[in-house]
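> sequence and predicted model, in that order:
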Amino acid sequence: MKDLKYRVYFENLLSDVKNELVAQALDDGKRALGFSCYFIPAVLLNLDGCFSLRLRAPGTTDTGIATYYMSEKTCMFSRSILERAIEGGYNFLSALMGTETCSMMNRSQEHFEMLNLVKDVNDKFYVTHVDPPFVMKDYAFTHYEKQLRIHILDKLRDTYGIDTSDEALMKAIDEHNEVCDVITEIGNFRKQENPPITGYEFHLIELVSEVCPQKLILPYLKETLEEIKARKADEKPWYRVRVVLAGGENDDPYFTKLIEDSGAFVVADRYCYGSLPGRERIEVKPGETPLAAIARHYMYTSQCPRFMSQDKVHGRKQYFKQLAEEYKADGLIVEQMKFCEYWEYERMYCMNVMESEYGLPCLGIEKEYVTAASGQLRTRFQAFVEALELKKIKNGAEVK
Amino acid sequence: MKFFAGCDVGSTYTKAVIIDENGKICASTILRSKMNAEQSSRMAMDEVVSQVPGLGSVENISYLIGTGYGRNRVPFADENISEISCHAMGVHVTDPAVKAIIDIGGQDVKGIAVAPDGTVKNFAMNDKCAAGTGRFYEAIARSFEMSLEEFSSLSLKAKNVIPVTAQCTVFAESEVIALVGEGKAPEEIAAGIQMAVAKRCFVMAKKAGAVNDITLTGGCAKNEGLKKAIEKVLKIKVTELKTDPQLMGALGAAEYARRKGA
């Protein structure tokens, strides 16, 4: 396939947190609001005068200082974020929107405050903590909506004078939905037998939409969508098998590329920072306030293994199966960052039940934040591809 | 007569096997790997080609498959297959009764469950560090001032097992030196090392779902002390293969080559 016009540009945008579009928005006087967890609705951070920025720490090598503060028994993502903050890499942020979801990120955010990070260059900088619910109950929904109001909207209004009225929220929802529609349309090409896009390219596209001001990245996304519509796939599909990639935090497109270099097309991205869920439209029901619609949307679409009720535990496996059917996947890869408190259990559980109870072969991978030991990872991916391929041959399917 | 070959470029040793149309082994070699995987594979293939009368050149091999960590760098290979699949197939054609493998190579340990047709049923892999691998044994043998062969049988004489707590190759080596300095019996320290590695192998085998009819492959399969320790922790007898267990990856690759190129 012909290379995407903006592939290299997108790769460059991902090589630095303060990329050229972030710098442009800051020059325009917009406020950058950092967050990492799905339970912080990005739409609330994209009100007029500010923009959302999902935190990454590209190019991380050593996390020595963060490890001193947080211990080595914490996930490398949370330590990498703290290390980059200590280095001054997030000094342009106006606020950090934290959540009481995973204790690792919670500790990382806590150290932003304890070490007075960012605040020494921006005295208005603050860290806030939202407490998302553990259960799907009406009282939990009320609590979550209130948390979003108090810890996000009211703080933005009081600290930076941001308009948080219902009208402003409705406008933000419309703009958010516009981005989601474009990403979803691009993502749907992955359902095709011979798609005009790779999983790696989609990973780049989804990630730039998370880490760039959405108003500035949207024209590039729209142009890329038109390009993909007109793009001709190679005569024969390039992949040997199709897989759903699921798991915890994953903002490393080279991880996806490594899987694809081993012959497996990543057709669906069900991981933190992925699009499933994440890029569904927010619908405001009649009589519902925009904030209630946002809270309902994020609470009910979340597939986070933090939810422990049996319906959610089984629902997550059903969701994998549903994605596999929808995107015609042959198998599932579940990745988990070392010391991730939720996905560690979820990965082991999936490895035990996905094939036997859901008929979906599963490969579990424990990874670091930065893709390392790629030779060994490649061996695992290739062995999984070979096993899936043989299974297809046994089932009489044609192998590419 | 058509010939088929497998070339397994491992991190420590490069192995090559040539088989004929009937799957009979005609030539094999095990050479120390060079830094350059391409050079290692050329040397190994030159060696096995020279063992087959009349074959003359690697180009006369009907189908060749590369495997091992350097599988992408075998210049004359028709394709490459992961060493996990190749070890399973190599063991299957050697002894179809074997259902599980512990492969202890130069830089990782793998547990592989083998399906009845020789394909991979399940696998688990430890590659986080060199603990329990060929590299680990080389370092430990060095601290005992012994050859690998001498070290591998040392623990067989032990009456007690002195636990070695360090998992890391570097720290284990330091711990061994300290224990030797304390005057502990070398064979009992060696037994502790074999037990520590056997425990890692146990975990890999269980993760892969191995139950019985298990064998060892890779260079460390020749380590008698380790074999005994594994039998002890797994509480089952390890199946002896009639072909050199270090050749299983290359043999499996050659068998895949025979099936694909026939």
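Structure's in. What do you need?
> OK, contacts around the residue of the stretch 151-262 of chain B found nearest chain A?
Among the residues of the stretch 151-262 of chain B, B:K207 lies closest to chain A, at 8.8 Å counting by Cβ to the nearest Cβ. Placement of C-beta: from N, CA and C, glycine included. By Cβ atoms under 8 Å, 6 or more residues apart in numbering or on different chains, the residues touching B:K207 are B:G111, B:A124.
> right, and B:S62 touches B:K2 too?
Yes. Assessed by Cβ atoms under 8 Å, B:S62 is found in contact with B:K2 at 4.4 Å.
> what touches both of these two?
By Cβ under 8 Å, 6+ apart, the residues touching both B:S62 and B:K2 are B:G261, B:A262.
> neighbour count: the two, which is higher?
B:S62 (16 against 13; other Cβ atoms under 10 Å in any protein chain shown).
> what helix or strand does B:Q39 sit in?
Take DSSP states H and E as the rule and B:Q39 turns out to sit in helix B:37-51.
> contacts for that helix, please.
In contact with helix B:37-51 (Cβ under 8 Å, 6+ apart) are residues B:5, B:7, B:9, B:14-18, B:26-29, B:31, B:33-34, B:55-58, B:60-61, B:64, B:66, B:69-70, B:73-77.
> now list the buried members of the residues you listed.
For these, a neighbour count by 16 or more other Cβ atoms under 10 Å in any protein chain shown gives the buried set as B:5, B:7, B:9, B:14-18, B:26-29, B:33, B:55, B:58, B:61, B:64, B:66, B:69-70, B:73-74, B:76-77.
> these: which ones sit near chain A?
B:Y69 (Cβ under 8 Å from any Cβ of the partner chain).
> low-confidence stretches in chain A?
Low-confidence segments of chain A (pLDDT under 70): A:372-373, A:397-400.
> geometrically speaking, which residue is the centre of it?
A:Y273 (0.6 Å; Cα atoms, centre = their mean).
> what residues are up against that one?
A:R54, A:E206, A:L207, A:E210, A:E249, A:N250, A:D251.
> just B:Q246 next, same as before
Contacts of B:Q246 by Cβ under 8 Å, 6+ apart are B:Y13, B:K15, B:I30, B:T217, B:G218, B:G219, B:A221, B:K222.
> list the contacts for B:K222?
With Cβ under 8 Å, 6+ apart, B:K222 has these contacts: B:S152, B:P245, B:Q246.
> as a check, name the ranges of all strands in the stretch 51-200 of chain B.
B:63-67, B:79-80, B:100-104, B:109-114, B:120-126 (DSSP state E, counting those that start in this stretch).
> ok, A:M351 to chain B distance?
With distances taken as Cβ to the nearest Cβ, to the nearest Å, A:M351 is found 9 Å from chain B.
> now A:G248
Taken as Cβ to the nearest Cβ, the span from A:G248 to chain B is 18 Å.
> host element of that residue?
Going by DSSP H and E, A:G248 is part of strand A:241-249.
> and the helix or strand following that strand, anywhere near chain B?
Using DSSP H and E, the helix or strand that follows strand A:241-249 in sequence is helix A:253-261. No. Applying Cβ under 8 Å from any Cβ, one finds helix A:253-261 separated from chain B by no less than 9.8 Å.
> let's see helix A:253-261 as CSV, backbone CA atoms only.
Taking Å, rounded to 0.1, in the frame of the first residue of the first chain, the C-alpha atoms of helix A:253-261 are listed here in CSV:
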residue,chain,number,x,y,z
PRO,A,253,2.5,2.0,18.5
TYR,A,254,5.7,0.1,18.1
PHE,A,255,4.2,-2.7,20.2
THR,A,256,1.4,-3.0,17.6
LYS,A,257,4.0,-2.8,14.8
LEU,A,258,5.9,-5.7,16.4
ILE,A,259,2.7,-7.8,16.5
GLU,A,260,2.0,-6.9,12.8
ASP,A,261,5.6,-7.6,11.8
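> tell me what it is packed against?
Using 3 or more Cβ pairs under 8 Å, 6 or more residues apart in numbering or on different chains; DSSP states H and E, the elements in contact with helix A:253-261 are helix A:199-211, strand A:241-249, strand A:264-272, helix A:374-394.
> and the helices in the stretch 1-150 of chain A?
A:7-13, A:20-27, A:64-70, A:76-86, A:103-114, A:138-147 (DSSP state H, counting those that start in this stretch).
> can you add distance to chain B and mean neighbour count and give these back as TSV?
What follows is these, written out as TSV (distance: least, Cβ to the nearest Cβ, whole Å; neighbours: other Cβ atoms under 10 Å in any protein chain shown):
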stretch	distance to chain B	mean neighbour count
helix A:7-13	23	16
helix A:20-27	35	16
helix A:64-70	17	17
helix A:76-86	13	25
helix A:103-114	19	20
helix A:138-147	37	15
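> which of the ones you listed sits closest to A:K155?
Shortest distance between A:K155 and the helices of the stretch 1-150 of chain A, using Cβ to Cβ, is found for helix A:138-147: 11.3 Å.
> same for that closest one, what does it pack against?
helix A:290-301.
> after the helix it packs on comes which helix or strand?
Downstream of helix A:290-301 (by DSSP H and E), the next one is helix A:310-326.
> mind listing what's buried along that following helix?
So for helix A:310-326, counting by 16+ other Cβ under 10 Å, buried means A:K312, A:R316, A:K317, A:Y319, A:F320, A:K321, A:L323, A:A324.
> quick check: next helix or strand after that helix?
Using DSSP H and E, the first helix or strand after helix A:310-326 is strand A:331-337.
> and that following strand with chain B, contact?
No. Strand A:331-337 does not reach chain B (Cβ under 8 Å from any Cβ); its nearest approach is 12.7 Å.
> and that strand, what other elements does it pack with?
Looks like strand A:331-337 contacts strand A:241-249, strand A:264-272, helix A:310-326, helix A:343-358, strand A:362-367, helix A:374-394 (3+ Cβ pairs under 8 Å, 6+ apart).
> how much does it deviate in direction from helix A:76-86?
50 degrees (axes from the mean of the first three to the mean of the last three Cα atoms, to 10 degrees).
> quick one: strands adjacent to strand A:331-337?
strand A:241-249 (parallel), strand A:362-367 (parallel) (DSSP bridges).
> if we can go back for a sec, which of the helices and strands packed on strand A:331-337 sits closest to A:D158?
strand A:264-272 (29.6 Å).
> the closest one pairs with which strands?
In its sheet, and by DSSP bridges, strand A:264-272 pairs with strand A:241-249 (parallel).
> got the angle between the partner strand and helix A:253-261?
Computed by the same axes, to 10 degrees, the angle between strand A:241-249 and helix A:253-261 is 160 degrees.
> three-state assignment of B:I230?
At B:I230 the chain is in helix, as set by DSSP: H, G, I helix; E, B strand; the rest coil.
> got CSV for the contacts of B:K222, with distance to A:N395 and pLDDT too?
Shown next, in CSV, are the contacts of B:K222 (distance: Cβ to Cβ, whole Å; pLDDT from 0 to 100):
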residue, distance to A:N395, pLDDT
B:S152, 44, 89
B:P245, 33, 96
B:Q246, 35, 96
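> of those residues, closest to B:P96?
B:P245 (15.8 Å).
> wait, doesn't the closest one sit right on B:C220?
No. Assessed by Cβ under 8 Å, B:P245 is found out of contact with B:C220, at 9.0 Å.
> list the buried residues in the host helix or strand of A:D174.
Using DSSP H and E, the element containing A:D174 is helix A:166-188. By 16+ other Cβ under 10 Å, the buried positions in helix A:166-188 come out as A:168-169, A:171-173, A:175-184, A:186-187.
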